[in-house]
Each structure stands twice: as structure tokens, then as C-alpha cells.
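Participant: got a structure for you, letters missing:
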């Protein structure tokens, strides 16, 4: 149930429940047999006339007894004064009429009835009630007829209660009803608060505990709030947020662990050539290489190790730019055959010196151009070819094929090798930063683990795509697409962050 609906029902309950409970209490009290002869039930509120008339029942019963047994008392002023005093305590008074003559009028000032409007003898019974005019207001009249046994005279006793006055005991009745209503409202409030606590406050408390856990960094908990209202939806949002924060925290830990491993790898890969540089240079200083030929060999080794360290530092620099998304580009129109042919020629010479085979095929028109930054695309090719060299097989001659073909609006390049290949488990992750397939850190394979992530970043920034296929033990093929240039499209130079 939605929170809005629940609050609306609670509002109705606050209004309806006290009314229903009050009606039940009134009905119970009114029908509970509390009224006894001579005692007025203060809770009897069937209507105003009944309430006013019942207020003087005690005096009316006395008058009825006199009319039957002691009619002469209606002519005794002391007796009449005494009963009128009793009536006055109930804001009522007595009027006695004998024949056509008023023999007693106990009305206070301003309350005297209009005698001409008093009913004639025998018109009203003892149970009838009549409204008469008084001097300043109306009054309710009850009558008891009397006469001596010989009917030498007959008379009428009128008990009159002004309708504009408050009957005695009304304050007490009002206080009792207020107390009952307060009790009813207290019970209603308790029910409503209990319902609200069960349906709202508990959920709020659980969500408060959840936010405290999140603030304290404890994400190993569950926000277990059931229901279909807004608070349950909010709890679900908190649960999803917690799961997202937990995933981010795990990702952060994994990234930090990968960065530590990366720094360890870089340190290891720099230390190995640096050790060689120090060793060979000390050999020259100490005269271990006495002949010019041997000295040249030492110097050449030092040069190669320095180039190796320089390549590692360049990768580290590119990695930092990838991390801050600040690689600068200088896009231009490049002739496809000329660019890839030049790279293939340089690479083929290097492969021949390493007893490896490099082949190049280009199936595009001579005038085909692409939009790219030549230095960065050359880095892409260099990283892919170097990757093939690093993961070559020991039992066969390394063969690498660079194939360039026309793919509609794009140029497709493929770098295929017959190396170790990549397992299907690792293949989806090869372009992730700091990922290496040699989990045991094979010391014979140099590299930082960021070469392919650099490839993906550069190709994506060129608006292209890169992917790979591989079979473990037989080799891999890396593909990438680059946009062709057109007459309508002018290359743009980008020297700021991409």
C-alpha cells in the first residue's frame, strides 16, 4: 500500500473511529439500566425535552402522591415553598392554580408565566409536556391535577422549567463526556501511532541504520524492507546505491592492486636493463673489454638496454596520459599505402635481424587516405608487433602478417602472428589496463601490461574500433578500423586533451 493511501486511511481512522466509539459508549450507557426510580441518569440525552423533564421527576412523583393521598398540601404555603425550593435548585419552579385563581407562584423575577396561557384543568396528563411563554423566554410545563375527595375544589400544580437555562449537573455531565472523549481519542491515537510505527517508523529506522553503516564504510549488509510503498522503494534505492558503492570500492581496490603490480613490473623491467648497463659500463671502465671490437660490443649492448629503458619510460608516460585522458593528437590525411608500407619496410628489416618473418599485404587503392595521427598509429602498430614478438613460441620461427584492406568507410588493419595465442578466458580482458596473460610474471617476457590498453585508447580516440581473435597455441589476430578521409571532410588538429 502506498504511503499516501496509508496516511489518507489513517486520517479517516482518526475521524471515524472516535465517532464510532463514542456512539457505542453512549448506546451502552443509555441502555445499561443505570436509571433508577427517583434518580436521573446523567447520560440520558435522547432529546432536550426528555432531559429537562427527567430533571424534575423526583418532585413530580411527590406531587402525584399528594394528589392522590394529601390534596390539601397543595394549599399549604409552607409545603409549597419547600418543594419550590427543591425545584429552584434544578432551575425550575412551581405554580399552583385553584380553579381560576393563582394561589402560589414560585417563579423568580422575569420568569413568571403568562397565566392566561396555562392549560385548563384536565387537559394534560402527568406524562404530557407543554411549552409555554414566560416573561423573557419559553418554558417547559408539566402538570399534576388535584382536588379533594368530594370535589369541592379542583386545582392544577404546574412544574415549569425555563428552556433557556442550564440544568443542574450539566457541567458534571459535560466533564464526564469530555473525559470519555479524551479516553476515546487517547485509544485512537495509540492505535494510529502503533500502525504508523509498524508501517513507517521501523522502515525509517532500518534505512537510518543503513545510512550509518554506509557512512562507517560497512557495505556488507542488506537493507531488508518489504512492501510496495514509497519507503520500500527508497529502501530499494539505498540497497542499489550500497551495491554500487560496494562495486566501486571493489573496483578501486582492484585498480590499486593492479597499479601496485604495474609499478612493481616497471621497476623490475627497468632494473634488468639498468643492471646490464651498469655491468657493461663497469666492464669497459675496468678494462675487461681490451679490444676495440669487444668494447664496441659492450657499447652496443649498453645502447640497446638504454633504448629498452626508454621504451618503458615512454609507455609509462603514455599510461599517465591515458589515466588523465590527456593524449594530444594531430590529425591529418595520410596515404594508406605509403604509411603502412613504410612501417612494414622498417619492421621487416628488424625481423630479419631476429630470424623472424614479417609479411605485408595492402589491398586498397593507391590514392586512398585515412584521417589519423601518424605518430600514434605508428605506436599502435609497434605495440601490436612488439606484443607478437614478446609472446612468440620457442619451438617455431615467428611469423607476423600485416594486412590492410578496404572496409567501406573504414580502413581495416590486421596484425596476425603464430605465437602462443591467448586463452578464451583471458581474451575479453587483453585490452584492459595493467592486464597480463602471464599471471606468474614470466621473467622472459618484458612489458608493463599497458601496451594493448594504449592501442585501444588511441583507436577509440580516432573514432575506430579494435578487437582480437585467438587460439591458444596457434596464434592471434588483432584488428583495428580507421576512418577514411573524404573530399568533404577536412582533418582537424587537436593539441589539447581529447
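Facilitator: Thanks, I have the structure now. Model, not experiment: these values are computed from the prediction.

Participant: Now whichever strand or helix holds residue 385: average pLDDT?
Facilitator: Residue 385 belongs to helix 374-390 when assigned by DSSP states H and E. Averaging pLDDT along helix 374-390 yields 91.

Participant: Show me how far that helix is from its chain's centre.
Facilitator: 49 Å (CA atoms, centre = their mean, to the nearest Å).

Participant: in the protein, which spans are strands?
Facilitator: For the chain, strands defined by DSSP state E occupy the ranges 93-98, 101-105, 130-133, 138-147, 154-162, 329-330, 332-335, 357-363, 369-372, 399-407, 410-417, 466-471, 475-483, 493-494.

Participant: and residue 202, which of those strands is closest to it?
Facilitator: Closest approach to residue 202 among the strands of the chain is made by strand 466-471 (52.2 Å; CB to CB). Every C-beta, even on glycine, is put in place using the N, C-alpha and C of the backbone.

Participant: In terms of secondary structure, what does the closest one contact?
Facilitator: helix 451-461, strand 475-483 (3 or more CB pairs under 8 Å, 6 or more residues apart in numbering; DSSP states H and E).

Participant: Make TSV out of these and add mean pLDDT, distance to residue 312 and mean neighbour count.
Facilitator: Listed next are those as TSV, based on pLDDT from 0 to 100; distance: least, CB to CB, whole Å; neighbours: other CB atoms under 10 Å:
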stretch	mean pLDDT	distance to residue 312	mean neighbour count
helix 451-461	90	11	21
strand 475-483	95	21	21
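
Participant: Any idea what residue 466 is bridged to?
Facilitator: Beta bridges link residue 466 to residue 480 when assigned by DSSP bridges.

Participant: The strands of the chain: which one's closest to residue 115?
Facilitator: strand 101-105 (5.9 Å).

Participant: Low-confidence stretches in the stretch 1-150 of the chain?
Facilitator: Within the stretch 1-150 of the chain, the stretches with pLDDT under 70 are 1-4, 6-7, 22, 25-53, 148-150.

Participant: sorry, back to before: could you list the buried residues of the helix holding residue 385?
Facilitator: Neighbour counts using 16 or more other CB atoms under 10 Å place 376-385, 387-390 of helix 374-390 among the buried residues.

Participant: mind putting those residues in CSV, distance to residue 303 included?
Facilitator: Compiled in CSV, the buried residues of helix 374-390 are given as follows (distance: CB to CB, whole Å):
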residue, distance to residue 303
376, 26
377, 27
378, 22
379, 21
380, 26
381, 23
382, 19
383, 22
384, 25
385, 21
387, 23
388, 24
389, 19
390, 20
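
Participant: wait, isn't residue 391 in contact with residue 420?
Facilitator: Yes - in this structure residue 391 lies within contact range of residue 420 using CB atoms under 8 Å: 4.8 Å.

Participant: Where do the helices of this structure begin and end?
Facilitator: Under the criterion DSSP state H, the chain contains helices at 3-30, 48-54, 57-69, 77-88, 170-196, 202-215, 230-285, 292-323, 336-353, 374-390, 451-461.

Participant: Of all the strands of the chain, which one is nearest residue 253?
Facilitator: strand 466-471 (27.5 Å).

Participant: Would you mind listing the residues in contact with residue 281?
Facilitator: Contacts for residue 281 (CB atoms under 8 Å, 6 or more residues apart in numbering) come out as 298, 302.

Participant: any idea how far the residue nearest the centre of the chain lies from residue 125?
Facilitator: Geometric centre of the chain, nearest residue: residue 234, 2.3 Å, by CA atoms, centre = their mean. Counting by CB to CB, to the nearest Å, the gap from residue 234 to residue 125 is 73 Å.

Participant: got it, and residue 109?
Facilitator: Residue 109 is 31 Å from residue 125, by CB to CB.

Participant: The two - which one has more neighbours?
Facilitator: Set residue 109 next to residue 125 and count neighbours by other CB atoms under 10 Å: residue 125 wins out with 10 against 7.

Participant: for the more buried one, what are its contacts?
Facilitator: So residue 125 contacts residue 143 (CB under 8 Å, 6+ apart).

Participant: okay, how far is it across stretch 66-74, tip to tip?
Facilitator: 8 Å (CA to CA, to the nearest Å).

Participant: what residue ranges in the stretch 151-300 of the chain score low on pLDDT?
Facilitator: In the stretch 151-300 of the chain (pLDDT under 70), the answer is 151, 165-174, 227-228, 258.

Participant: thinking residue 224 is in contact with residue 209, fair?
Facilitator: No - judged on CB under 8 Å, residue 224 makes no contact with residue 209 at a distance of 10.7 Å.

Participant: okay, the two: which has more neighbours?
Facilitator: Neighbour totals were compared for residue 224 and residue 209, and residue 209 leads with 12 against 9 (other CB under 10 Å).

Participant: Please report how far the more buried one lies from residue 65.
Facilitator: Using CB to CB, residue 209 is found at 77 Å from residue 65.
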